[in-house]
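K.L.:
Fold the following.
(one chain, ligands or ions: 1)
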Amino acid sequence: MQPGSRIAVVGAGLGGVAAAALLQKAGFKVDVYEQAPAFSRVGAGIHMGPNVLKIFRRIGIEDALVAIGSKPDFWFSRDGETGEYLSRIPLGEHALRTYGAPYLTVHRGDLHALQVSALQPGTLHFDKRLASIEEDGSGVDLAFADGSRARADIVVGADGINSRIRETLLGDEKPNYSGWVGHRALLDKDALRRTGLDFEACVKWWTHDRHMMVYDTTADGHEYYYVTGVPHPAWDFDGAFAPSSREEMREAFVGYHPVVQALIEATTEVTKWPLLNRNPLPLWSRGRLVLLGDACHPMKPHMAQGAAMAIEDGAMLARCLSETGLSDHATAFRLYEANRRERASRVQAVSNANTWLRTQENPAWVFGYDIFNVPLRSESGVAA
Ligand code: FAD
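P.N.:
Okay, here's the model as predicted:
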């Protein structure tokens, strides 16, 4: 391929930015096109396991992330009504020793800002909503909603669950509504402490059909976050999310433990989000277009590994393109899918089933994974 070759990444979410940063580090010329006019610190937390921290090490942001995130010693699972402990999954020093990197919980906006800072200056373009895409023998033309255009040799579709690139490859199809919503709220932990109750750094409260996952989002322990899974028959709201309320939360978690009740009473603002997924896609790439992350394998978020899979995808794609060079992108794309489909599908299935760490299981197959050191499988699935 010519020295001027370019990779266009569409979508600067957690997966797209990780892919772009790693591809740039590998020497490729990469531009990222994002529909949003800018990014802000929206109210949500996220888990980042050792499998992802190893990728951030390669990107060069691990230490900075460790400095701002919370490092829980355990993931506790507790019965939502009685408070009985169902599992105590060791993290903290154990994660560092056993899986080779820390386990963090962090504010999503802080994480994203750090990732963006790792991109080469001037390569992230905001306000670029991909409207259409056209491939010819020598490249791909991208047309954006603002009337501007770009050209690239290959295009990475990191544009989330409603991906325009997935639609180009496979046609228009809405994602499936799972029948559950997730409520999200950020709380002031100092105020909570004044109740005299114990608010653990990382705990999931479960009953048979719903749960509340709660954790710190900062190293200093001032900010606390919850995200739920609650059955709701239909998503009958406009937009990506809708406002919820303390009253709705009280009703959804009636009978739950006093600690959960205290969280609800301390809630000032809470939103609810539809939990969406898709059936596994018949293809991950075609020609010069390739998908990653939620564009490719969205899932219910109950394993806290959706973004992790998007970031792992980005790392594997960069690894495969480095192996083959851009001129043989067809081989790289096949290699990428051969090395990602099984793991992403397994995580997707466990996440959708919402069983992860409810009992004392061994999470090593997820957390111990090191994407840069696993042997590459050949396109036929055999170790290369
Ligand atoms: P996205 O983050 O959706 O990014 C897509 C980007 O593409 C966006 O910036 C969007 O604006 C842009 N875009 C879309 N269309 C266009 C277009 N036409 N042109 C240009 N740009 C476009 N995962 C975890 O790993 N840990 C967690 O703890 C966790 N908690 C979650 C909690 C909830 C309630 C939910 C709903 C999800 C959670 N996830 C978690 C999952 C995680 O959020 C997603 O899997 C992850 O964000 C997917 O990343 P992505 O980069 O593929 O897509």
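
K.L.:
tell me the secondary structure for the nearest residue to Asp127 once chain neighbours are set aside?
P.N.:
Distances taken as CB to CB, 6 or more residues apart in numbering place Pro37 nearest to Asp127, at 5.0 Å, with adjacent residues excluded. C-betas here are computed from N, CA, C, even on glycine. Three-state call for Pro37 (DSSP: H, G, I helix; E, B strand; the rest coil): coil.

K.L.:
Surely Pro37 touches Phe126?
P.N.:
Yes: here Pro37 reaches Phe126: they are 5.6 Å apart, a contact under CB atoms under 8 Å.

K.L.:
higher neighbour count, these two?
P.N.:
More crowded of Pro37 and Phe126, by other CB atoms under 10 Å: Phe126, with 13 against 9.

K.L.:
For that one, which residues are in contact?
P.N.:
By CB atoms under 8 Å, 6 or more residues apart in numbering, the contact set of Phe126 is Glu34, Ala36, Pro37, Ala38.

K.L.:
redo that, cut-off 10 Å
P.N.:
Counting by CB atoms under 10 Å, 6 or more residues apart in numbering, Phe126 touches Ala12, Val32, Tyr33, Glu34, Gln35, Ala36, Pro37, Ala38, Phe39.

K.L.:
could I get those residues as CSV with distance to Arg346 and pLDDT?
P.N.:
Shown next, in CSV, are the contacts of Phe126 (distance: CB to CB, whole Å; pLDDT from 0 to 100):
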residue, distance to Arg346, pLDDT
Ala12, 27, 98
Val32, 29, 98
Tyr33, 31, 98
Glu34, 30, 98
Gln35, 31, 98
Ala36, 31, 96
Pro37, 37, 94
Ala38, 36, 91
Phe39, 31, 91
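
K.L.:
Please name the nearest non-neighbouring residue to Tyr99.
P.N.:
Pro50 (3.7 Å).

K.L.:
residues in contact with the one you found?
P.N.:
Counting by CB under 10 Å, 6+ apart, Pro50 touches 91, 95-96, 98-104, 308, 363-364, 366-370.

K.L.:
Kindly recompute the last result at 6 Å.
P.N.:
Contacts for Pro50 were tallied using CB atoms under 6 Å, 6 or more residues apart in numbering; they are Ala95, Tyr99, Ala101, Tyr103, Phe367.

K.L.:
Distance check, the first one against Ala12.
P.N.:
Distance check for Ala95 against Ala12: by CB to CB, to the nearest Å, it reads 28 Å.

K.L.:
anything in stretch 96-111 near the ligand?
P.N.:
No: if you take CB under 6 Å from any ligand atom as the test, stretch 96-111 misses the ligand, and the best it gets is 7.6 Å.

K.L.:
Report the central residue of this structure.
P.N.:
For the chain, Ala307 is the residue whose C-alpha lies nearest the centre (CA atoms, centre = their mean; 1.2 Å).

K.L.:
got the residues of this structure near the ligand?
P.N.:
Contact residues (CB under 6 Å from any ligand atom) of the chain with the ligand: 10-16, 33-36, 46-47, 128-130, 158-160, 164, 182, 184, 227, 273, 293-295, 301, 304-308, 310.

K.L.:
How much space separates the closest residue to Thr123 other than its chain neighbours from Ala20?
P.N.:
Among residues not flanking Thr123 along the chain, Asp31 sits closest, at 5.3 Å (CB to CB, 6+ apart). Using CB to CB, Asp31 is found at 8 Å from Ala20.

K.L.:
quick one, which of the two is more surrounded?
P.N.:
Ranked by neighbour count (other CB under 10 Å), Asp31 and Ala20 place Ala20 first, with 30 against 21.

K.L.:
if I've got this straight, the more buried one is in a helix?
P.N.:
Yes: per three-state DSSP, Ala20 lies within a helix segment.

K.L.:
Shouldn't Thr195 be within a strand?
P.N.:
No: counting by three-state DSSP, Thr195 is located in no strand; its state is coil.

K.L.:
Spit out the contact partners of it.
P.N.:
For Thr195, the contacting residues are Ala262, by CB under 6 Å, 6+ apart.

K.L.:
do the same with Ile7
P.N.:
Leu23, Phe28, Val30, Ile154.

K.L.:
Of those, which belong to strands?
P.N.:
With DSSP state E as the criterion, strands contain Val30, Ile154 from among the contacts of Ile7.

K.L.:
Which entries within the contacts of Ile7 meet the buried criterion?
P.N.:
Neighbour counting by 16 or more other CB atoms under 10 Å classes Leu23, Phe28, Val30, Ile154 among the contacts of Ile7 as buried.

K.L.:
in its sheet, what does the helix or strand hosting Asp141 sit against?
P.N.:
Using DSSP states H and E, Asp141 sits within strand 139-144. Partners of strand 139-144 in the sheet, by DSSP bridges, are strand 130-136 (antiparallel), strand 149-152 (antiparallel).

K.L.:
Quick one, which of the ones you listed gets closest to Glu269.
P.N.:
Of all the strands paired with strand 139-144, strand 130-136 sits nearest to Glu269, with 31.7 Å by CB to CB.

K.L.:
distance between the ends of stretch 61-81?
P.N.:
With CA to CA, to the nearest Å applied, stretch 61-81 spans 40 Å between its terminal residues.
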